[in-house]
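here is my input, please return the structure:
(one chain, ligands or ions: 1)
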Amino acid sequence: MPVKKKAEAVAVEAPKQQKLALSKQQLFHFLRQMRQIRSLEERSAQAYGQGKIGGFCHLYIGQEAVAVGAVAATRPDDYVLTTYRDHGMALARGIQPVAILGELFGRVIGCSKGRGGSMHMFDKQLNFLGGHGIVGGHIALGTGAAFSSKYRGEDRVVLCFFGEGAVHNGGFHESLNLASLWGLPIVFVCENNRYGMGTAVERTTKVVDLHKKAESYGMAHGIVNGMDVLEVYEQSKRAIAGARAGIPCFLEMTCYRFRGHSMSDPVHSHYRTKEEVECYREQDPILLLTEHMKNHGLITDEELSELERQVSAEIRAAMDAALASPEPDPATVFDYIYKNPIRPGTRR
Ligand SMILES: Cc1ncc(C[n+]2csc(CCOP(=O)(O)OP(=O)(O)O)c2C)c(N)n1
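Now for the predicted structure:
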């Protein structure tokens, strides 16, 4: 396949100050989405405790700025893929809270018709290609989507998110190598929340500046404060523009999950201290943006209370609607597995 542009190894420098002028409306939108995600996740945790959600459930609380800032930098026809920690990403991409909660509850109103559950949010119209349960497994899928975009002569970019636990996976390295070699339109985003389940990143690699791994493949790379939605947005914009021009990029976004790895992992497990969690809480992405807006006179206390009231009412209503939706009919259990559904007892 012809390669039009050669990828260069360019470190993406974090900006010292905000360069993109964002309107009050845009900042409000970021704050609203982050609060929606937080509220949806807190209610999901409650519902999980009440036995309303089956299977695994990995919450995104603390990492909201990554999904909101990065997805805001995409076009609607770009592709977004992520891991099992996908509720926040799904919401940022535009899946309605009722369809996310419905999926968590295994109801037909869910975005995957109640068959996927927490780890398998998906929406073809929104070009949100999952929600994937296998660590690193979707990185090759994202690279394939980027290849398809280039092969068809489209200028759609792929934004592929994964945790730092995935960068030791073979598929990650094969994907970066080919993406760089072929100048594919893809941005690989590593959400480095410091732990893969209970294993700290420094116990898994000598190269803890994970973004530097891209140098092995001659790929542009950079490190971003993933707790700062404005920085995430700005750096994602730049990286996506580069990818659209045939220069793929690897961004490491440093962040922190305030809850355990999944609902079965307590917040303060043996692998991290209460003090560490408290310290990161001071950099809560919602807190940081709220303070920024207050300091610049972009939000009043009244507007903030009203926003909180609206979001809380919206998620409560979505919860009720999701719970009112029926479970899938057992007779349809073989639907959606293959394009032509299999019917037990019949020959194909
Ligand atoms: C191939 C594979 N190995 C192991 C697992 C079990 N597993 C699920 S999550 C996880 C940790 C991954 O951590 P990270 O990639 O840093 O993402 P995070 O959970 O922090 O978002 C592991 C080992 C899996 N799902 N897939």
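
quick check: residues of the stretch 51-200 of the chain near the ligand?
83, 85, 133-135, 163-166, 193, 195-197 (Cβ under 6 Å from any ligand atom). Where you see a C-beta, it was placed from the backbone N, CA and C, and this is true even at glycine.

just the buried members of those residues?
Those of these that meet the buried threshold are 83, 85, 133, 135, 163, 164, 165, 166, 193, 195, 196, by 16 or more other Cβ atoms under 10 Å.

pretty sure residue 234 sits in a helix.
Yes. Counting by DSSP: H, G, I helix; E, B strand; the rest coil, residue 234 falls inside a helix.

any weak-confidence spans in the stretch 1-150 of the chain?
1-20 (pLDDT under 70).

50 instead, please
Within the stretch 1-150 of the chain, the ranges that satisfy pLDDT under 50 run 1-17.

residue of the stretch 151-300 of the chain with the smallest distance to the ligand?
In the stretch 151-300 of the chain, the residue that lies nearest the ligand is residue 163 (2.1 Å; Cβ to the nearest ligand atom).

beta partners for that residue?
Residues in a beta bridge with residue 163, per DSSP bridges, are residue 191.

quick one, phi/psi of the spatially most central residue of the chain?
Centroid-nearest residue in the chain: residue 89, 3.9 Å away (criterion: Cα atoms, centre = their mean). Note on residue 89: backbone dihedrals following degrees, to the nearest 10 are phi -60, psi -40.

same deal with residue 145?
Residue torsions, per degrees, to the nearest 10, at residue 145 are phi -70, psi -40.

how about the strands in the stretch 51-200 of the chain?
Ranges of strands in the stretch 51-200 of the chain, per DSSP state E, counting those that start in this stretch, are 79-81, 158-163, 186-192, 195-196, 199-200.

quick check, residue 222 in a strand?
Yes. Assignment of residue 222 by three-state DSSP places it within a strand.

what bridges to it?
Going by DSSP bridges, residue 222 forms beta bridges with residue 12, residue 251.

wait, it sits on residue 236?
No. Using Cβ atoms under 8 Å, residue 222 is not in contact with residue 236, being 10.4 Å away.

so which of these two has more stuff around it?
Between residue 222 and residue 236, counted using other Cβ atoms under 10 Å, residue 236 has the larger neighbour count: 24 against 19.

great, nothing more from me.
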